[in-house]
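A.B. asks: need coordinates for the following:
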Amino acid sequence: MKTILSVNELNKAIKEINKVKAIKGILATENIIIQVENGNTCLIKDNFDSRIKKKVESYNNEAGIIALDTSSIKLIAKLKNDEIIINENEISLGKKKIKFINQEALIRESLDGEITNFTVSQKELLRILEVSYCKAKDETRPILKGICFNNNETCALDGHRMSVRRSEQYNNE
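C.D. replies: Below is the predicted model:
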């Protein structure tokens, strides 16, 4: 994946799509997805209730998708007007570089051969995602900032407490 954008255009698009806020009690992310396909670059933010997709002018595009975390988004907001190059594992602006791990590759690698489909009602999904209050919020332990789905359980922890919900409403084994 590779795309070249104007910093001003990128920051305007980020401000627009940041109107999608996390819903209390629902697993949501502050990450912004950058998707490049068919020569177009789109920024996407989703909170499972609403979604904003913003097309940004770009060129020299190669198809792919990455997720920018809040730290990278804050750094981009401080950049001056120039062209920014975004590819799979770094963002470049002249000599400045922001390196990160391609989250799509990590997710794809960890789920290889283990992808299953199941159906759960909205009411039950909201109940099992109540564990989100227990997710870590500090940047020092990012591994604790998620929710674990294992069989019919969800679990979150922050280093001091743990929250678990079990459900018999669906089968994810």
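
A.B. asks: ok, longest helix in the protein?
C.D. replies: Criterion DSSP state H: the longest helix present in the chain is helix 7-17.

A.B. asks: most distant residue from the middle of this protein?
C.D. replies: Glu168 (28.5 Å; C-alpha atoms, centre = their mean).

A.B. asks: need phi/psi at that residue.
C.D. replies: In terms of degrees, to the nearest 10, the main-chain angles of Glu168 are phi -110, psi 10.

A.B. asks: what's near enough to touch it?
C.D. replies: Residues in contact with Glu168, defined by C-beta atoms under 8 Å, 6 or more residues apart in numbering, are Asn152. Every residue, glycine included, has its C-beta placed from N, CA and C.

A.B. asks: what's the offset of whatever helix or strand comes next after the longest helix of the chain from the middle of its chain?
C.D. replies: Per DSSP states H and E, the first helix or strand lying C-terminal to helix 7-17 is strand 32-37. Centroid separation between strand 32-37 and its chain, computed with C-alpha atoms, centre = their mean, to the nearest Å, is 11 Å.

A.B. asks: one more: stretch 161-173?
C.D. replies: Centre-to-centre, stretch 161-173 and its host chain are 23 Å apart (C-alpha atoms, centre = their mean).

A.B. asks: just the buried residues of it, please?
C.D. replies: Buried positions in stretch 161-173, judged by neighbour count with 16 or more other C-beta atoms under 10 Å: 163, 165, 167.

A.B. asks: other SSEs contacting the helix or strand encompassing Ile84?
C.D. replies: Element membership of Ile84 [criterion: DSSP H and E] is strand 83-87. For strand 83-87, the packing partners by 3 or more C-beta pairs under 8 Å, 6 or more residues apart in numbering; DSSP states H and E come out as strand 2-6, helix 7-17, strand 90-93.
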